[in-house]
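1. sequence first, then the predicted structure, then my questions.
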2 protein chains.
Amino acid sequence: MIEIIRDGGVTSAKGFLAGATYAGIKTAGEETLDLAILASETPAAAAGTFSTNKVLSPSVVLSSQRVAGGAARAVVANSGCANCCVGEQGLRDAEETTALAAGLIGATDDEVLICSTGLIGVELPMALVRQSIGGIRLTGQGGGDFARAIMTTDSRPKQVAVSVDISGRRVTVGGAAKGVGMIHPNMATMLGFVTTDAPVESGFLKQALVDSVDASFNMIDVDGDQSTNDTVLVLANGAAGGAEVQAGSKAAAAFQEALSYVCTELAKDLVRDGEGAQRLMEVVVEGAGSLGDARAAAREIASSLLVKAMVHGRDPNWGRVMMALGKSGIEFNELEVDVFIGGIHLVHQGVAIPYLKDAVVSAMSVPELEIRVDVHAGDAAATAWGCDLTEEYVIFNSAYST
Amino acid sequence: MIEIIRDGGVTSAKGFLAGATYAGIKTAGEETLDLAILASETPAAAAGTFSTNKVLSPSVVLSSQRVAGGAARAVVANSGCANCCVGEQGLRDAEETTALAAGLIGATDDEVLICSTGLIGVELPMALVRQSIGGIRLTGQGGGDFARAIMTTDSRPKQVAVSVDISGRRVTVGGAAKGVGMIHPNMATMLGFVTTDAPVESGFLKQALVDSVDASFNMIDVDGDQSTNDTVLVLANGAAGGAEVQAGSKAAAAFQEALSYVCTELAKDLVRDGEGAQRLMEVVVEGAGSLGDARAAAREIASSLLVKAMVHGRDPNWGRVMMALGKSGIEFNELEVDVFIGGIHLVHQGVAIPYLKDAVVSAMSVPELEIRVDVHAGDAAATAWGCDLTEEYVIFNSAYST
């Protein structure tokens, strides 16, 4: 039984501390938090998933190398600078920043991971980082500050925490995330951080993270672009006590459920806050021949510019849904497809059902719209989330950086 | 030596006739051409390339079956209705329409191909087609009417013709195309028609068309979506006389050059007229390890929403170009990449070159902007074309269909 912890975040789980400061990495005048540390009081099992873009921030490269060992103590994160496309200096700066954070919390350099988000093509202002990082005070109430410090074009911090029973003990899983598109020039976008006091075996932790991310952060779309800095990290310090959660156990299933809940809530919150977005769309594809097919089709529909524009205009252009479904390349027979928009059955066996226009426009005038497609080719289902495409998105993203 | 024929089109080549009429398929009140026939006076070698969407208009299915034999006499085309997602009625209507056209020009049904473009999900109004098709007068000056009759949301007809020497004879290659995105609800978009009086062996004609389309229509992007009706057809009737053009010959190279010229000019013209577009961008990727890599990277950059928005705002956010390049997954080393925007060298070996902001904004304030990327991984190069993303695109595409 998952219970939501009000105002919870990355410091809700036992033994996690966080804090943040303003180092001056973000635009001057925009005085706000931009450098933060999240740490476990004790060494923790750790896992990460990272952008598959060929152009990667050295912050991503360093974190993925260090987390491969399955353990970590802390993460240092900065907003305002992606530390990307800056040549070999980028890795040196990432290493130095983690060393500074390690000194502050009494960890070894290798135990500290790093995430950077912001402008591509400018170096981290290391003089400012050196000067400011000592001002970070780590506390058990620092989760909110951490969530604010990682924001770039986000309009609000995004955090969530839940508690769940695992083998008779109450454990907590909490998280924070940022990334709503790329309003500001060259922003590199999505970061997610999850902490838990459950004791989790590191091999299972990695698999559990991959499975949760595949169903959450990998099923959302704002603008189809994929950042050079995307990272999701999880730390499990075992502070709640009890036996280590191993793959295949009942405890593992309960932990996976809580982890997926946290990842899914954060992912949906990113889309809800998407650049210029006014409406969330939830695309459910049912009856697919495989999970891969269901996910591919749901993602294709949620990513289609024409579907996004149609959701914005509350226009039941179901032909665009069929077009996106067909473009996904999954196995199905057009003459068996059913399409529902806002709960209204618009297409049966591939052919239009006459509908009352006003009723459909009215059903589409909601903050969260469901588009459901049943392809009747099997038993697999998947859900993807996208936001509508608005004039504001274009205005934001075509603004001069100059 | 390719020479452009002023005001040329699909009836510029010898032995081709075309004509069009208003059948009433397009919205009432919008009295304009919507049903057309293009025919060769004699049987012609024929080839086609078609949408790879899993949801296909029966018009596409029928034409691809018939053209597989390598010969055809004519094409009947309608705008206003995509004849798509209408169940089994779609194929019956496509067959009847071609039979009506065949009767009119004295061909057999199998010699007539069909292309439909317009709303998805509504049936072809066959009563109107039967009643009106006889009103089409085929003439050697009908190319312009044909180009107008296939338009949907296009703001102007798109046609081009060239002449070229092949084995000492002057032959003509001409074409028409339509498709600028999907302003109108559920429009199915891109159609292209090419005619030539060169005598071309049908196996080579097919390969030549595939090669030309790969470098032209397959390298353009308006909004990333792919229609259920996309088709490019070529008819070669040999009316110019001379020996049949065979693969591997000098004549074949000359023909290929003319065909590629016609396809490329039509493709660029589609993008230039893209929904809401104010600027054409030409993306050149050089130094790639293979042609496939060069094309994939050029297409990815030209298709990126963030790059499109940046071109709209004349904002030299080269980080977005690097992001799209990385997302393409091609082989390259980030520290060897050079990026030029509007001819200005902005990135050398993966790192920013300081620039005068006003100069770059000024260089980007052009109707056709070049983005050039050299990845220094080999000798292959490719060009893709895209348009900018504007507020108008969103406004057009979110309009009520209701």
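-> In hand now; what should we look at?

2. just give me the neighbour total for A:Ser167.
-> Around A:Ser167 there are 15 other residues, counting by other CB atoms under 10 Å in any protein chain shown. Any C-beta I mention is one placed from the backbone N, CA and C, and that applies to glycine too.

3. revised request: answer the last question for A:Leu128.
-> Neighbourhood size, A:Leu128 [other CB under 10 Å]: 17.

4. ok, now which ones touch A:Thr264?
-> Taking CB atoms under 8 Å, 6 or more residues apart in numbering or on different chains as the criterion, A:Thr264 is in contact with A:212, A:215-216.

5. secondary structure element for it?
-> If you go by DSSP states H and E, A:Thr264 is part of helix A:250-272.

6. how about that helix: buried residues?
-> Across helix A:250-272, burial judged by 16 or more other CB atoms under 10 Å in any protein chain shown covers A:251-252, A:254-272.

7. now stretch A:152-171
-> A:152-154, A:157-164, A:166, A:171.

8. alpha carbons of it, as CSV, please.
-> Extracted in CSV, the C-alpha atoms of stretch A:152-171 (Å, rounded to 0.1, in the frame of the first residue of the first chain):
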residue,chain,number,x,y,z
THR,A,152,16.2,26.0,-15.4
THR,A,153,13.1,26.9,-17.4
ASP,A,154,10.8,25.0,-15.0
SER,A,155,8.1,27.1,-13.6
ARG,A,156,8.1,25.3,-10.3
PRO,A,157,10.0,22.6,-8.4
LYS,A,158,9.0,19.0,-8.9
GLN,A,159,9.2,16.5,-6.1
VAL,A,160,7.4,13.6,-4.6
ALA,A,161,7.8,11.0,-1.9
VAL,A,162,6.0,7.8,-0.9
SER,A,163,6.2,5.2,1.9
VAL,A,164,5.5,1.6,1.4
ASP,A,165,5.8,-1.6,3.5
ILE,A,166,8.6,-3.9,2.5
SER,A,167,9.0,-7.1,4.6
GLY,A,168,7.2,-5.6,7.5
ARG,A,169,9.2,-2.3,7.6
ARG,A,170,8.1,1.1,6.4
VAL,A,171,10.5,2.4,3.8
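
9. three-state assignment of the nearest residue to A:Gly134 once chain neighbours are set aside?
-> Among residues not flanking A:Gly134 along the chain, A:Leu104 sits closest, at 6.6 Å (CB to CB, 6 or more residues apart in numbering or on different chains). Using DSSP: H, G, I helix; E, B strand; the rest coil, the structure places A:Leu104 in helix.

10. pull the number of nearby residues for A:Leu104.
-> Using other CB under 10 Å, A:Leu104 has 19 neighbouring residues.

11. same check on A:Ala72?
-> Neighbourhood size, A:Ala72 [other CB under 10 Å]: 26.

12. one more: A:Lys357?
-> By other CB under 10 Å, the residues close to A:Lys357 number 13.

13. which parts of chain A belong to which domain?
-> Per automatic domain parsing, the structural domains of chain A span A:3-272, A:280-397.

14. so the residue nearest to A:Gly134 is in contact with A:Ile133, correct?
-> Yes - with contacts counted by CB atoms under 8 Å, A:Leu104 reaches A:Ile133, the gap being 6.5 Å.

15. which neighbours do those two have in common?
-> A:Ile37.

16. could you tell me how far the helix holding A:Thr264 lies from the centre of the chain?
-> A distance of 11 Å separates the centroid of the chain from that of helix A:250-272, by CA atoms, centre = their mean, to the nearest Å.

17. which residues does the helix or strand following that helix contact?
-> As assigned by DSSP H and E, the chain's next helix or strand after helix A:250-272 is strand A:280-288. With contact meaning CB under 8 Å, 6+ apart, strand A:280-288 is reached by A:268, A:271-272, A:294-295, A:297-298, A:301-302, A:307-308, A:311, A:325, A:330-332, A:367-388.

18. quick one: list the elements packing against the helix or strand containing A:Ser116.
-> Using DSSP H and E, A:Ser116 sits in strand A:112-119. Counting contacts by 3 or more CB pairs under 8 Å, 6 or more residues apart in numbering or on different chains; DSSP states H and E, strand A:112-119 is packed against helix A:58-67, strand A:71-81, helix A:89-105, strand A:191-196, strand A:231-236.

19. CA atoms only for that strand, dumped as CSV, please.
-> C-alpha atoms of strand A:112-119 as CSV (Å, rounded to 0.1, in the frame of the first residue of the first chain):
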residue,chain,number,x,y,z
VAL,A,112,30.4,11.7,-5.7
LEU,A,113,28.4,11.9,-8.9
ILE,A,114,27.6,15.1,-10.8
CYS,A,115,24.7,16.5,-12.9
SER,A,116,24.8,19.7,-14.9
THR,A,117,22.0,21.5,-16.7
GLY,A,118,21.8,24.8,-18.6
LEU,A,119,23.6,26.4,-21.5
